[in-house]
Structure formats: C-alpha cells, structure tokens
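Trainee: Please find the sequence and the predicted model below.
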Amino acid sequence: MKTAIWLYLFSFIAVFDLHAQYPILTPFAVSLGAAPSFIGLMMGMYSITHLPGNLIAGYSVDRFGSRPFIVLSLLLAGGVLLLQSRVTDPWQLLALRSVSGFVLAFLSPACMALLARITADQVGQGKLMAGNGLVHTLASVVSPAAGALLVARIGFEQAFYVLGWILIATAACALAFIRDIKKQSVEAAKTAEGPPAPATGPMPWLVYALPVAMACAQGILSFELPLMAHDDEGILTTGILFSVISLGALFTLSLLFLNRYSPYARTLTGAFFLSLTFFAVAIRVPLPLEALLLLIGMAKGIIYPALSSLLIQLSGGVRYGRTFSILSVAFSVGAFLGPMLAGMVRDFLSPYFIGFAVLMLAVCVLPLHRIPGHSASPPAPIA
C-alpha cells in the first residue's frame with residue numbers, strides 16, 4: 001500500500017503539471033502566430049506521437065517493470081517543457097509537443113500496470129483504480145485555473161520553465177521512492193486469496209471503441225474552450241471552465257457506493273449520459289455552459305474508474321502493461337481525431353455534434369460484443 005500512496009502523490013503532481021497547460025497552450029500558440037487549423041494539427045500531433053510510445057510501453061512494462069518508465073517519462077517531459085519555454089515560432093512548438101507526446105506515452109500504462117499489480121483481488125483493484133481517478137481529478141480541479149493564473153502573473157515562458165522543473169523534481173522523487181512489484185508476488189497473493197476466477201476469454205476489442213470516442217470528445221472540448229480566450233482575463237476564465245469539469249468528476253468519484261455495481265453497467269451508463277450532454281452543448285440548450293461542463297465531468301467520473309476495472313477483469317489478471325497500453329493507444333487515436341475534426345468543421349458545424357455522434361456510436365457498439373460475465377439482464381450490485 002505504501003507504493004500506492006507514493007504513486008498517487010507523484011501522479012497528482014504529474015497530472016497537475018500537465019493539466020495546468022490546457023488553458024495556456026492554445027493562447028501561447030496564437031501569440032506565436034499559429035492559426036486555428038495549425039493549433040488543431042499541433043494538438044493532434046501530440047496525440048499521434050503517443051501511438052509508438054504506447055505500443056512500445058505495452059511489452060516493455062510487462063518485461064522490465066513500471067519504475068524505469070515512470071522516471072524517464074517524467075524526466076524527459078520536464079526537459080521538453082524547459083525547451084518549450086524558449087520557442088519563438090509555431091513550428092518549434094509543434095516539434096516539441098510531438099516529442100512530449102512520445103515520452104509521456106509511457107507514463108499512464110506504467111502507472112496503471114503498477115497499481116493493478118498491488119493486489120490480485122478484483123474489488124481491491126477497483127478501489128485502487130477509483131483512488132487513482134480521484135487523485136487525477138483532484139489535480140485537474142485546481143491545475144487549469146492555476147496554470148492560467150501562473151501565466152497571468154509571470155508570462156508563458158516562465159510558466160513553462162516552472163512546470164518543467166516540477167516534473168524533473170517529481171522524476172527524482174519517483175526514482176527514490178517507487179519500487180516495482182514482482183510478478184511472483186502477485187501470483188502468491190492469488191494463491192493466498194483462493195482459487196483463480198474462471199477464464200474471461202479473449203479480449204472483446206470493441207471495448208476500446210469507447211476510449212477512442214471519449215478522447216475524441218475530450219479533444220474537441222480542449223480545442224474549443226481555449227478559443228474563448230482573447231486576453232489574460234479570458235485565459236483565466238478558460239482555466240476555471242476546465243476546473244468545473246473536474247469538479248463534476250470529483251463529485252461522482254466521491255460516490256463510493258458506485259463501486260459496488262458492475263463496471264460494465266457503470267461504463268455503459270456513464271457513456272450514454274456523456275453523449276447526451278455533448279448533444280445538449282451542441283444544440284445550445286438554455287442552460288449555463290458551466291452547468292453543462294459540470295455534467296460532462298460527472299459522466300467522466302463514472303466512466304474512467306469503471307472502464308479501468310472492466311479492462312482488469314477482461315485481461316484475466318495478466319499482461320496489465322499491454323492492456324493499459326492499448327487503452328492509451330485508443331485514447332491517443334481519439335485525442336488526435338478530436339482537435340483535427342474540430343479545426344476542420346467548426347466554421348459550418350458545431351464540433352460538439354461530432355463528440356455526440358462518436359460517443360453515441362460507441363454506446364451502440366459496446367453491447368454488440370458479449371462481455372464475459374455480463375448478460376442482457378439488468379446488472380446487480382457486487383456484494
């Protein structure tokens with residue numbers, strides 16, 4: 001459990017550092033002379049360079065453990081941010097964001113795999129994933145507003161410089177305090193807890209349609225909200241809007257009784273709710289934008305821990321690195337498509353319609369592949 005506490009702490013710092021950039025990257029690119037279409041390309045390239053890193057991470061984490069990849073990912077990402085504080089034109093920013101996308105591709109699979117190895121008990125793993133989601137959400141509640149405030153006080157260059165050194169310091173702490181959990185320790189835990197669960201069968205690949213759709217919708221949101229910012233006050237407003245999303249996620253993550261229900265049911269219900277909320281934003285229902293963003297966050301707070309728990313169940317308790325690396329690949333593909341589509345269609349169609357369409361499509365195709373251990377009847381709470 002000590003490993004989980006350290007991992008939560010370092011994850012909080014890393015997520016805080018990375019999410020603090022959300023409201024400031026687009027205005028920074030605009031200040032360098034980038035057009036909206038170029039900004040969409042920049043955000044998409046960051047995501048597409050995740051793909052080779054995710055694929056490498058899948059096999060490497062299972063073979064070499066999580067610790068070296070957590071440390072190196074944080075260290076190199078911090079170095080990239082130091083260089084980013086010195087850029088003078090959009091193409092330099094594009095190149096550095098592409099490199100950052102590759103080096104950070106190792107972080108999420110390594111962290112998730114290490115958390116999954118802490119215990120072989122599925123209920124315990126579900127609690128660890130919920131805790132991870134709670135930590136991420138706490139960091140993302142304050143970080144966008146903090147990043148915007150940081151820029152307002154010290155400017156873009158110094159803000160990236162400070163954030164870069166925070167990541168480098170976190171990498172040094174991770175090197176000192178994080179220890180890998182050996183595979184044989186997990187096997188011993190399985191033996192102590194009783195006979196193994198029945199085999200879950202092959203991975204139903206349609207499950208990964210949902211993270212693609214979610215990342216696509218999130219990419220659209222991350223592209224659209226910062227375009228509201230035209231001055232320092234606008235940047236701060238955008239940061240607050242991102243924090244509102246995180247507050248919604250924090251609320252549903254705090255409803256611990258939800259963890260008693262089937263991960264499959266929670267995933268499907270949350271995705272359906274999220275798609276309806278994007279539709280409401282697209283048609284401009286007469287509700288404050290802040291209220292709709294709060295609902296989006298609430299849906300995400302349901303989906304993310306449930307999806308992680310579902311993937312752990314479907315993995316059969318092995319190859320966590322590959323399972324979560326494919327999840328990261330799915331997120332990367334969606335995050336690449338979202339900003340690119342938003343930049344292309346926003347002049348004649350609300351990009352939020354795209355978010356609604358891809359989410360509803362994922363909701364429709366997920367039940368087409370029978371999930372092992374789940375029937376068509378309404379799911380009951382887990383005892």
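Mentor: Here it is on my side, so go on.
Trainee: So which helix or strand of this structure has the lowest pLDDT on average?
Mentor: The least trusted helix or strand in the chain, going by mean pLDDT, DSSP states H and E, turns out to be helix 183-193, with a mean of 46.
Trainee: Toward the C-terminus, what is the element adjacent to that helix?
Mentor: As assigned by DSSP states H and E, the chain's next helix or strand after helix 183-193 is helix 209-224.
Trainee: average pLDDT across that following helix?
Mentor: Mean per-residue pLDDT for helix 209-224: 87.
Trainee: same deal with stretch 73-83?
Mentor: 90.
Trainee: buried residues in that stretch?
Mentor: Neighbour counts over stretch 73-83 (16 or more other Cβ atoms under 10 Å) mark S73, L74, L75, L76, A77, G78, G79, V80, L81, L82 as buried. C-betas here are computed from N, CA, C, even on glycine.
Trainee: Filter those residues down to just the ones in helices.
Mentor: Among these, the members found in helices (DSSP state H) are S73, L74, L75, L76, A77, G78, G79, V80, L81, L82.
Trainee: Which strands or helices does the lengthiest helix in the chain pack on?
Mentor: In terms of residue count, the longest helix belonging to the chain (DSSP H) is helix 122-177. When contacts are defined as 3 or more Cβ pairs under 8 Å, 6 or more residues apart in numbering; DSSP states H and E, helix 122-177 packs onto helix 2-19, helix 22-31, helix 67-84, helix 107-117, helix 232-253, helix 289-315.
Trainee: So I181, which state does it fall into?
Mentor: coil (DSSP: H, G, I helix; E, B strand; the rest coil).
Trainee: Ok, F348 next?
Mentor: Assignment for F348 (three-state DSSP): coil.
Trainee: ok, back up a step: now, among the buried residues of stretch 73-83, which is nearest to S100?
Mentor: Nearest to S100 out of the buried residues of stretch 73-83 is V80 (Cβ to Cβ; 4.5 Å).
Trainee: Low-confidence stretches in the stretch 1-150 of the chain?
Mentor: Flagging of the stretch 1-150 of the chain using pLDDT under 70 yields the residue ranges 1, 120-123, 125-126.
Trainee: ditto for the stretch 251-383 of the chain
Mentor: For the stretch 251-383 of the chain, the ranges with pLDDT under 70 are 315-321, 368-383.
Trainee: Return the distance of M45 relative to P144.
Mentor: Between M45 and P144 the computed distance is 22 Å (Cβ to Cβ, to the nearest Å).
Trainee: These two: who's more crowded?
Mentor: P144 (29 against 20; other Cβ atoms under 10 Å).
Trainee: Find me the pLDDT at the nearest residue to the more buried one once chain neighbours are set aside, would you?
Mentor: If the residues on either side of it in the chain are set aside, P144 comes closest to F242, at 3.5 Å by Cβ to Cβ, 6 or more residues apart in numbering. We note a pLDDT of 78 for F242 in this prediction.
Trainee: got it, and G155?
Mentor: 84.
Trainee: do the same with the one 4 residues further on
Mentor: According to the prediction, A159 has pLDDT 87.
Trainee: residues in contact with it?
Mentor: Shown in contact with A159 (Cβ atoms under 8 Å, 6 or more residues apart in numbering): A20, I24, S85, G147, L150, V151.
Trainee: and those as a markdown table, adding distance to G101?
Mentor: Putting the contacts of A159 into a markdown table (distance: Cβ to Cβ, whole Å) gives the following:
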| residue | distance to G101 |
| --- | --- |
| A20 | 17 |
| I24 | 17 |
| S85 | 18 |
| G147 | 18 |
| L150 | 22 |
| V151 | 22 |
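Trainee: need these in TSV with neighbour count, can you?
Mentor: Converted to TSV, the contacts of A159 look like this (neighbours: other Cβ atoms under 10 Å):
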residue	neighbour count
A20	28
I24	25
S85	17
G147	28
L150	20
V151	24
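Trainee: Among those, pick out the one closest to R322, please.
Mentor: Using Cβ to Cβ, the contacts of A159 come closest to R322 at A20, 30.6 Å.
Trainee: gap between that closest one and L81?
Mentor: On the measure of Cβ to Cβ, A20 and L81 end up 10 Å apart.
Trainee: what residues do those two have in common as contacts?
Mentor: With contacts taken as Cβ under 8 Å, 6+ apart, A20 and L81 have L163 as neighbours in common.
Trainee: Now do stretch 140-155: everything it contacts.
Mentor: 15-24, 27, 159, 162-163, 232, 235-236, 238-243, 245-247, 249-250.
Trainee: on that earlier part again, can you tell me which of the buried residues of stretch 73-83 is closest to A113?
Mentor: The nearest member of the buried residues of stretch 73-83 to A113, counting by Cβ to Cβ, is S73 at 13.0 Å.
Trainee: Touching, that closest one and P109? I think so.
Mentor: No. Contact criterion Cβ atoms under 8 Å: S73 and P109 do not qualify, at 9.8 Å.
Trainee: residues contacting G78?
Mentor: Taking Cβ under 8 Å, 6+ apart, we find G78 in contact with G164, W165, I166, L167, I168, A169, T170, A171.
Trainee: And R86, by the same measure?
Mentor: Neighbour list for R86: E157 [criterion: Cβ under 8 Å, 6+ apart].
Trainee: tell me the secondary structure for it?
Mentor: R86 is classified as coil under three-state DSSP.
Trainee: Pull up the gap between it and P27, please.
Mentor: According to Cβ to Cβ, R86 stands 18 Å off from P27.
Trainee: before we move on, what about S222?
Mentor: Noted for S222: a distance of 13 Å to P27, by Cβ to Cβ.
Trainee: Neighbours of the closest residue to R67 other than its chain neighbours, how many?
Mentor: Excluding the flanking residues, the one nearest R67 by Cβ to Cβ, 6+ apart is D180, at 4.8 Å. When neighbours are defined as other Cβ under 10 Å, D180 has 18 of them.
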